[in-house]
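Peer 1: dropping the sequence and predicted coords here.
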Amino acid sequence: MNMTHYMELLSVNQPWNLLIFMAAPIVLAETIAVTELYILYTRDYKGPVRSLNRFCSVVVGLYFTGVFLYLLTNAVIPITTSGNWRGPGDMIAVGFYLLGIVPLLGLTLVDLNIIGRDRTPHGKMAIHAGFVALFLIVGHIAMIFGMLDPTVLYAVAGAHGH
C-alpha cells in the first residue's frame with residue numbers, strides 16, 4: 001500500500017516526528033477544547049481553567065507556526081517543485097494539516113488581544129470556540145486523508161494515470 005507524505009512524516013524517526021508533528025499540537029488543542037467547554041458552561045473567564053486555556057492557545061499557535069514554516073520549506077515546496085505528490089489524497093492530507101495554522105494562530109491572536117479586543121469576555125470566547133471547531137474540522141480531514149492510500153482517489157475519479 002502507498003503512504004501519504006503526512007503518514008510517512010509521522011511514521012519515520014520514531015517517536016520524535018509523531019511527538020513533534022502530532023502529539024504536541026493535538027494535546028494542546030484537546031486541552032483547549034476541553035477547557036473551552038468548561039469555561040463556556042461556567043462563564044468563569046478569570047479562573048485557573050481560563051489561564052490554562054489561554055496558555056495552551058498562545059503556545060499552540062506559536063508552536064504550529066514553526067511547524068508550518070518548517071514543513072512548507074522542507075516538504076511542501078520541494079515535493080511540489082519535484083512533482084512528487086503521491087495523488088490527490090496526499091495533497092488533501094498535507095494541505096489540511098497545514099491549514100491548521102489558520103485556527104491555531106487564530107487562537108493565539110485572540111488570547112494576545114489582537115483579534116476581538118473590543119469584545120466582551122464571552123464574545124471573545126465565541127471567536128475562540130469558532131477557531132477550536134475549525135481546527136477540529138481541518139485536523140480530522142487531514143487525519144482521514146492522511147491514513148488513506150493516496151492513489152485511491154484516482155480510482156474514485158476514474159483516472160488511470162498518476
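Peer 2: Ah, there it is.
Peer 1: what are the ranges of the helices in this protein?
Peer 2: With helices called from DSSP state H, the chain shows them at 5-11, 16-18, 24-42, 48-71, 77-82, 88-99, 101-111, 121-147, 152-157.
Peer 1: switch these over to a markdown table; also include mean neighbour count and mean pLDDT.
Peer 2: Placement of C-beta: from N, CA and C, glycine included. Putting the helices of the chain into a markdown table (neighbours: other CB atoms under 10 Å; pLDDT from 0 to 100) gives the following:
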| stretch | mean neighbour count | mean pLDDT |
| --- | --- | --- |
| helix 5-11 | 20 | 94 |
| helix 16-18 | 13 | 96 |
| helix 24-42 | 17 | 96 |
| helix 48-71 | 18 | 98 |
| helix 77-82 | 11 | 97 |
| helix 88-99 | 22 | 96 |
| helix 101-111 | 22 | 98 |
| helix 121-147 | 17 | 96 |
| helix 152-157 | 13 | 74 |
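Peer 1: what's the spatially most central residue of the chain sitting at in phi/psi?
Peer 2: Closest residue to the average C-alpha location of the chain: Gly100 at 3.2 Å, with CA atoms, centre = their mean. With angles defined as degrees, to the nearest 10, Gly100 sits at phi -60, psi -20.
Peer 1: show me what contacts it?
Peer 2: Shown in contact with Gly100 (CB atoms under 8 Å, 6 or more residues apart in numbering): Pro25, Phe64, Phe68, Phe135, Val138, Gly139, Ala142.
Peer 1: one more time with 10 Å, if that's ok
Peer 2: 25, 29, 60, 64, 67-68, 134-135, 137-139, 141-142 (CB atoms under 10 Å, 6 or more residues apart in numbering).
Peer 1: same check, this time on Val60
Peer 2: With contact set as CB under 10 Å, 6+ apart, Val60 has these partners: 24-29, 31-32, 67, 100, 103-105, 107-108, 135.
Peer 1: out of those, who's nearest Val12?
Peer 2: Within those, distances to Val12 taken as CB to CB reach their minimum at Val67, with 15.6 Å.
Peer 1: with adjacent residues omitted, what lies nearest to the closest one?
Peer 2: Leaving aside its chain neighbours, Val67 sits nearest to Phe21 (6.4 Å; criterion: CB to CB, 6 or more residues apart in numbering).
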